[in-house]
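>>> Turn this into a structure:
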Amino acid sequence: MEDDFLEQTRDRDIDLVVVTDAEAILGIGDQGVGICTAKAVIIYTSIGGIDPSKILSVTPDVGTDNESLSNDELYLGWQHKRVRVKNTTISIDKFMQLVRKHYPTNLVHFEDFGVANAHRLFIRYSPLDGEYVYDPKGETK
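Numbering: from 1, shown residues only. So this is what the prediction gives:
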């Protein structure tokens with residue numbers, strides 16, 4: 001995972017990391033994955049003044065529960081049932097370790113995770129400085 005992370009971020013000056021599992025994007029899931037990036041660019045660029053080229057948008061492919069997508073030969077995602085909380089925690093923890101190791105001062109914004117994951121991420125990461133976790137009740141920290 002670290003080799004892939006470094007390959008994708010090599011020589012990039014990154015100020016903000018936006019992470020989503022796409023489960024809660026307007027009820028359309030994976031099909032709306034670009035919405036998180038667009039929202040981050042609009043909000044953090046217009047209000048926060050962050051250069052859009054310094055935003056890293058990450059969507060871990062955790063599968064899909066949409067059978068028509070999973071059976072479609074043109075579907076680019078992992079064609080398996082969506083991985084649930086325990087395995088997702090391991091992946092997100094590894095990812096967060098990489099972000100903290102290579103970009104220790106960056107803001108990390110968790111966006112549009114499914115309710116179970118959003119709540120768990122809120123509890124797990126909200127005590128840390130620099131994490132902005134979307135809470136399923138619509139509150140932020």
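>>> Please pull up the helix or strand immediately following the helix or strand harbouring Arg100.
Using DSSP states H and E, Arg100 maps to helix 85-102. Heading C-terminal from helix 85-102, the first helix or strand you meet, by DSSP H and E, is strand 107-110.
>>> Can you show me the CA trace of that next one as PDB?
This file holds the C-alpha atoms of strand 107-110, laid out as PDB (Å, rounded to 0.1, in the frame of the first residue of the first chain):
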ATOM      1  CA  LEU A 107      -6.000  18.400   7.000                       C
ATOM      2  CA  VAL A 108      -7.900  15.100   6.300                       C
ATOM      3  CA  HIS A 109     -11.600  15.400   5.400                       C
ATOM      4  CA  PHE A 110     -13.700  12.200   5.600                       C
END
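>>> Strand partners (parallel or antiparallel) of that strand?
Strand 107-110 pairs in its sheet with strand 16-19 (parallel), strand 131-133 (parallel), by DSSP bridges.
>>> weakest of those by average pLDDT?
Lowest mean pLDDT within the strands paired with strand 107-110: strand 131-133, a mean of 55.
>>> May I have the beta-bridge partners of the residue positioned nearest the centre of the chain?
With distances taken as CA atoms, centre = their mean, the residue of the chain nearest its centroid is Val19 (1.5 Å). Listed by DSSP bridges, the beta-bridge partners for Val19 are Val58, Phe110.
>>> roughly how far apart are it and Val62?
From Val19 across to Val62, the span is 12 Å (CB to CB, to the nearest Å). Bear in mind the C-beta positions are built from the backbone N, C-alpha and C, glycine included.
>>> The residue nearest to the centre of the chain and Gly114, how far apart?
13 Å.
>>> I figured Gly63 was touching His80, is that so?
Yes: between Gly63 and His80 there is a contact under CB atoms under 8 Å: 4.2 Å.
>>> In terms of neighbours, single out the busier of the two.
Neighbours per residue (other CB atoms under 10 Å) separate Gly63 from His80, with Gly63 holding more: 18 against 12.
>>> quick one: the most far-flung residue of the chain relative to its centre from Gln79, how far?
Within the chain, Glu73 marks the point farthest from the mean C-alpha position, 25.2 Å out by CA atoms, centre = their mean. The spacing between Glu73 and Gln79, counted by CB to CB, is 9 Å.
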